[in-house]
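1. I would like to see how this sequence folds:
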Amino acid sequence: MTKNTKVNAAILIIGNEILSGRTQDTNTSTLANWLNSIGVKVNEVRVIPDIEKKIIETLKVLKKENNYVFTTGGIGPTHDDITAESVSKAFGAKYEIHKEAYKILETYYKPGEFNEGRQKMVWMPENAELILNPTSGAPGFSVENVFCLPGVPSILKSMLGGLKNRIVGGEPILSHTISLRTVESEIANSLTKVQDQNEDVEIGSYPFFHAGKLGVSIVLRSENQSKINSCNSQILEFVKQKKIEIVDR
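-> Alright, predicted model coming up:
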């Protein structure tokens, strides 16, 4: 894959605790920010329960439609951690003990601590490549274009550095934000005209409430800084005409 190619990814969050609201998902923003910085655009994010059939069906679709798929959650030692086995089935691969992962965890734990529950974490699809874990020992793994990471945010974050050389991205996605003291309806038509003239720039508008006043942040995203600059000038032009106040946030 060469630079300037559009490279995309999907994020698949696996876990009943996210769907029930018991646990807040912060992994999506961590992964999306990291992927954007290396030129990979996140196409979609799905949150699904710990149900084998659902994981298999979803993975089969996502791995075909995207250059990369990142799963989070379900690779720990408990009975409901079924991601590794489900990934094996999605690829039609044998589910077996990964010898290298076994050695890593055998060394990591004190004698007698590497019990049956923890040994569950070394069962993976055959020929899986390990994603090393500098925080808690237990590695993640990848099969073809699917990368399986743990659900604990701090551990997931610590594992991304080791993945950088294995992900081929396009140009990093740049962004610029303009915050205005206005409401969306006041700028909608003008913004649509700018968007129509700037197809290579993705324009998003996001209302905010700050210091007791309403406002709108306009976010410009593109791989090309000069296109962002041009788009920015066109927006500032109509902002000036409409006498809308620009605010610092």
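2. all the strands of this protein, residue numbers only.
-> Applying DSSP state E to the chain gives strands spanning 8-14, 41-48, 68-72, 95-97, 123-125, 129-131, 140-143, 146-149, 174-181, 202-210, 213-222, 245-246.
3. quickly run through the sheet partners of the last one, with directions.
-> Each strand pairing with strand 245-246, determined using DSSP bridges, is listed with its direction: strand 174-181 (antiparallel).
4. so for the strand it pairs with, mean pLDDT?
-> If you average the pLDDT over strand 174-181, you get 94.
5. now that strand: buried residues?
-> Leu174, His176, Ile178, Ser179, Leu180 (16 or more other CB atoms under 10 Å). Heads up, the C-betas are built off the backbone N, CA and C, glycines and all.
6. per-residue pLDDT, Met1?
-> Taking Met1 on its own, its pLDDT is 38.
7. now do Gly112
-> 88.
8. quick one, phi/psi of it?
-> Note on Gly112: its backbone torsions stand at phi 90, psi -10 [degrees, to the nearest 10].
9. Ile104 versus that one, what's the distance?
-> 17 Å (CB to CB, to the nearest Å).
10. which one of those two is surrounded by more residues?
-> Taking neighbours as other CB atoms under 10 Å, Gly112 and Ile104 compare with Ile104 leading, 18 against 6.
11. in contact with the more buried one, which residues?
-> By CB atoms under 8 Å, 6 or more residues apart in numbering, Ile104 lies in contact with Leu130, Leu132, Gly137, Pro139.
12. I'd like to know which of those residues are buried.
-> Leu130, Gly137, Pro139.
13. for the first one, give the beta-bridge partners.
-> In this entry, Leu130 is beta-bridged to Phe141, by DSSP bridges.
14. out of the strands of the chain, deepest packed?
-> Stretch with highest mean neighbour count among those: strand 68-72 (a mean of 28; mean count of other CB atoms under 10 Å).
15. for the longest helix that the chain contains, name the packing helices and strands.
-> Secondary structure of the chain read by DSSP state H shows that its longest helix is helix 225-241. With contacts defined as 3 or more CB pairs under 8 Å, 6 or more residues apart in numbering; DSSP states H and E, the packing partners of helix 225-241 are strand 174-181, helix 184-197, strand 213-222.
16. of all those, which lies closest to Ile56?
-> Nearest to Ile56, of all these, is strand 213-222, at 33.2 Å by CB to CB.
17. can you spell out which helices and strands pack onto the closest one?
-> Using 3+ CB pairs under 8 Å, 6+ apart: strand 213-222 touches strand 174-181, helix 184-197, strand 202-210, helix 225-241.
18. and Ile18, which of those is closest to it?
-> Nearest to Ile18, of the helices and strands packed on strand 213-222 and by CB to CB, is strand 202-210 at 23.1 Å.
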